[in-house]
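> need the 3D shape of this:
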Amino acid sequence: PTSDNRRHNMRERMPTTNEKGSLSMESTKETRYCAVCNDYASGYHYGVWSCEGCKAFFKRSIQGHNDYMCPATNQCTIDKNRRKSCQACRLRKCYEVGMMKGGIRKDRRGGRMMKQKRQKEEPDSKNGESSTELRAPTVWTSPLVVKHNKKNSPALSLTAEQMVRALLEAEPPIVYSEYDPNRPFNEASMMTLLTSLADRELVHMINWAKRVPGFVDLTLHDQVHLLECAWLEILMIGLVWRSMEHPGKLLFAPNLLLDRS
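The predicted structure follows:
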């Protein structure tokens, strides 16, 4: 069907909106999925079908809480299980699937929201500075954004035994590949398996880094910079370590062992 036909059919299935400007799933019998994370959609919010979680996240973001930074490569997978792993990539996907600020009803921009906006702007105008310059980052707030010094770094007071124990406890979980022996295995399917595996390992890597003693004592900029510069090396070291007992082969996952052939 053409795009015009799809829009016409959509209008027939969702003829009315509720008092909050969102379309309820009660207006259609067809199951809908969130365009952002593919979870079950609760309604038509901000121009797309979305779940309550992504609806609330987008609402918070367009109201000012959007100084997000991706700790990886700005290509994180956003789905039902990993939508909270990266706020920056989640917001980017919201815009990619068509979410827009215009989804807020104009009559709801008055009252308390406008009052709060004026209260934020008044101090800025008095000081002659823009709100952008004064606004503090809202991603990874305390205790992550802490200046590094000896007084507030517990990692510096750990004994060697405590450090080793902390590193063992921080060890990420084992990640299995999505390899299916019943499906054809060729170069294209292999690359799909490896990229999906690496993507899930990156999510665990971020959580692992936060548990490494001393990492959270660094500034946010240094945390992001370290992950951006070292993520590939960390993946390679893990691959080499797993493959040491398999000469001539690479153990990408417990269920994915590859050789040159």
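
> now the strands for the chain?
For the chain, the strands defined by DSSP state E cover 23-24, 43-45, 48-50, 249-253, 256-259.

> of those, which approaches Glu169 most closely?
Of all these, strand 249-253 sits nearest to Glu169, with 22.2 Å by CB to CB. C-beta coordinates here come from the backbone N, C-alpha and C atoms, glycine included.

> is it true that Cys94 touches Cys54?
Yes. Between Cys94 and Cys54 a contact is recorded at 6.7 Å, counting by CB atoms under 8 Å.

> quickly list what's touching both of those two.
Val36 (CB atoms under 8 Å, 6 or more residues apart in numbering).

> which one's more surrounded, those two?
Counted by other CB atoms under 10 Å, Cys94 and Cys54 do not tie: Cys54 has more neighbours, with 28 against 25.

> give the contact list for the nearest residue to the more buried one once chain neighbours are set aside.
Leaving aside its sequence neighbours, Cys54 sits nearest to Val36 (CB to CB, 6 or more residues apart in numbering; 4.3 Å). Residues in contact with Val36 (CB under 8 Å, 6+ apart) are Val48, Ser50, Cys51, Cys54, Ile78, Arg83, Arg90, Lys93, Cys94, Val97, Met99.

> tell me the pLDDT of Val36.
With respect to pLDDT, Val36 has a value of 94.

> domains in the chain, by residue range?
If you go by automatic domain parsing, the domain ranges for the chain are 3-104, 113-139, 154-259.

> so which of those domains is the most surrounded?
Mean neighbours per residue, mean count of other CB atoms under 10 Å, is largest over the domains of the chain for domain 3-104, with a mean of 17.

> in CSV, list the strands of the chain along with distance to Arg183 and mean pLDDT.
Formatted as CSV, the strands of the chain follow (distance: least, CB to CB, whole Å; pLDDT from 0 to 100):
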stretch, distance to Arg183, mean pLDDT
strand 23-24, 38, 50
strand 43-45, 36, 89
strand 48-50, 30, 91
strand 249-253, 16, 89
strand 256-259, 13, 84
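
> dump those strands into a markdown table; add distance to Leu194 as well.
Below are the strands of the chain laid out as a markdown table (distance: least, CB to CB, whole Å):
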| stretch | distance to Leu194 |
| --- | --- |
| strand 23-24 | 40 |
| strand 43-45 | 35 |
| strand 48-50 | 31 |
| strand 249-253 | 6 |
| strand 256-259 | 8 |
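
> quick one on the thing from earlier: would you single out the least confident of the domains of the chain?
Lowest mean pLDDT within these: domain 113-139, a mean of 42.

> now Tyr33: closest residue in space that isn't a chain neighbour?
Ala41 (5.6 Å).

> was I right to think the one you found contacts Lys55?
No. Contact criterion CB under 8 Å: Ala41 and Lys55 do not qualify, at 9.1 Å.
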